[in-house]
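Enquirer: Provide a 3D model corresponding to the input given below.
(one chain, ligands or ions: 1)
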Amino acid sequence: MTNALHIEPRIIMTPGPAEADPRVLKVMTNPIIGQFDPVFLSLMDDVMAMGRQVFKTSNHYTYLINGTARAGIEALMSAVIEPDDKVYIPIFGRFGHLMAEIATRAKGKVHTTEKPLGEVYTITELKREIDAFKPKVVAIVHGESSTGMMQPLKALGTYCNQHGILLIVDAVATLAGAAFETDAWHIDGVIAGSQKCLSAPAGMALITYNKRIEAIVEKRKKIEQGLDPHSQNPRMMPSNYLDLSQLQAYWDATRLNHHTEATSMLYAMHEALRLTLEEGLAVRIERHALNMRALLAGLKAMNLELFGDKKHLLPTIVCLKVPEAIDPHRIRTALVQDFNIEIAPGFGAIKDEVWRIGQLGYGSRKQNVLSLLTALESVLTDQGMVLEEGRAKAAALAVYQT
Ligand SMILES: Cc1ncc(COP(=O)(O)O)c(C=O)c1O
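Expert: Numbers count the residues shown, from 1 in each chain. Next up is the predicted model:
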């Protein structure tokens, strides 16, 4: 016999999955009820209403996709992109490549540009590409968790809106941790993940889209044969599971019987959104900003260098250059083994050059920041760096005291 599962908590300071809020985990132990139970339906309506507030939108369709964040990205992009549709994807890290791959699989005519890692786009650069390529859709990442960069979106949203271009944004690493304004920035469709600043377990994507996308979804509508034998549509979406025309009909008054909604995960998202709004979006965003300022002050006090453009740092995730003569993997292993703290390595071309440190949602706490700085100072000293004991923690504390 194996023993009953028991996982000791860790201090997670990676770009995700972040620590789930214990109050979110607790609601998941509620009993299972049916997916058309009136209690369950009213929880779904609550999720839509609270989701709108967190996305800062009046979009009716704001709901969950059962699957990780990329399921939401794939659902939204493959709903909007039809074969030969022109799609422009400005890439500045790993997750821009993901959007390009999804657009290609949806058979779009995809045009990409790539920024050197650690940079974002100027509006002039984006306008130039848009004017030359004339896309139907622009898809871009807001917070690139692979490089720690945040792309400004307001001017891009305004430009796309003026030119009748649809703008789809991956806000997976930013929603509920950094300022994000769906309607004010004229963004047509947005995707967020449950496991980042919303502090729920991985396995859900929260999406929102406006009437312009809704109109495309309606035109591509195709109901499963077993539910509607007469439903035909040559423009139907390629996936049944991620078909927004059927999914939105489950979340609206039609209550179409599509998939079985992941019951306990919906409870989790309900509580995650409720807690976000209870704290207050602005307060939550300021909490992330303050903890990031303290973390950066501590890293600077150890003479550690940040990766990328300092003017566009993400307030939720920072990429830190690995100092010369330091083994990045030994440091990460020592942090876990000796201090119970997890940070992440880099991806792709900068795999061994950076560490990625996240402080997301429930994990964005003074105690976590101070624990990491103390631990990092200790393991770097063990590997031969000369550091003044306690200086990093003191620098962070000074930020909290101002
Ligand atoms: C910015 C961004 N986009 C997309 C994803 C993909 O999310 P998931 O792993 O939940 O599918 C991630 C995950 O780390 C991410 O950070």
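Enquirer: mind checking the SS state of the residue nearest to the spatial centre of the chain?
Expert: Closest residue to the average C-alpha location of the chain: residue 172 at 1.1 Å, with C-alpha atoms, centre = their mean. Following DSSP: H, G, I helix; E, B strand; the rest coil, we place residue 172 in the coil state.
Enquirer: What parts of the stretch 151-300 of the chain come near the ligand?
Expert: Contacts of the stretch 151-300 of the chain with the ligand, taken as C-beta under 6 Å from any ligand atom, map to 170, 172, 173, 193, 202. The C-beta positions use only the backbone N, C-alpha and C, and glycine is treated the same way.
Enquirer: Contact partners for the residue nearest to the centre of the chain?
Expert: 69, 73, 95, 141, 143, 145, 191, 192, 193, 196 (C-beta atoms under 8 Å, 6 or more residues apart in numbering).
Enquirer: show me where the stretch 301-402 of the chain has strands.
Expert: Per DSSP state E, counting those that start in this stretch, the stretch 301-402 of the chain carries strands over the ranges 317-321, 341-342, 344-345, 354-358.
Enquirer: Equivalent analysis for the stretch 101-250 of the chain, please.
Expert: 109-114, 137-141, 143-144, 149-150, 166-170, 189-193, 204-209.
Enquirer: How many neighbouring residues does the nearest residue to residue 321 once chain neighbours are set aside have?
Expert: Excluding its sequence neighbours, the residue lying closest to residue 321 (C-beta to C-beta, 6 or more residues apart in numbering) is residue 305, at 4.4 Å. The number of residues packed near residue 305 is 12, by other C-beta atoms under 10 Å.
Enquirer: What separation do you get for residue 305 and the ligand?
Expert: 23 Å (C-beta to the nearest ligand atom, to the nearest Å).
Enquirer: Any idea how many residues pack against residue 88?
Expert: The burial count for residue 88: 26, using other C-beta under 10 Å.
Enquirer: Check for me that it belongs to a strand.
Expert: Yes. According to three-state DSSP, residue 88 belongs to a strand.
Enquirer: how near is the spatially closest residue to it that is not a sequence neighbour to residue 331?
Expert: Residue nearest to residue 88 in three dimensions, not counting chain neighbours: residue 135, with 4.0 Å by C-beta to C-beta, 6+ apart. Distance from residue 135 to residue 331, counting by C-beta to C-beta, to the nearest Å: 43 Å.
Enquirer: cool, and residue 211?
Expert: The gap separating residue 211 from residue 331 is 50 Å, by C-beta to C-beta.
Enquirer: sorry, back to before: surely the residue nearest to residue 88 meets residue 110?
Expert: No. Look at residue 135 against residue 110 with C-beta atoms under 8 Å: they stay out of range, at 9.2 Å.
Enquirer: Find the residues that touch each one of these two.
Expert: What both residue 135 and residue 110 touch, as defined by C-beta under 8 Å, 6+ apart, is the set 87, 88.
Enquirer: who are the neighbours in contact with the nearest residue to residue 348 once chain neighbours are set aside?
Expert: Of all residues not flanking residue 348 in the chain, residue 94 sits nearest, at 6.3 Å (C-beta to C-beta, 6+ apart). Residues in contact with residue 94 (C-beta under 8 Å, 6+ apart) are 144, 145, 146, 347, 348.
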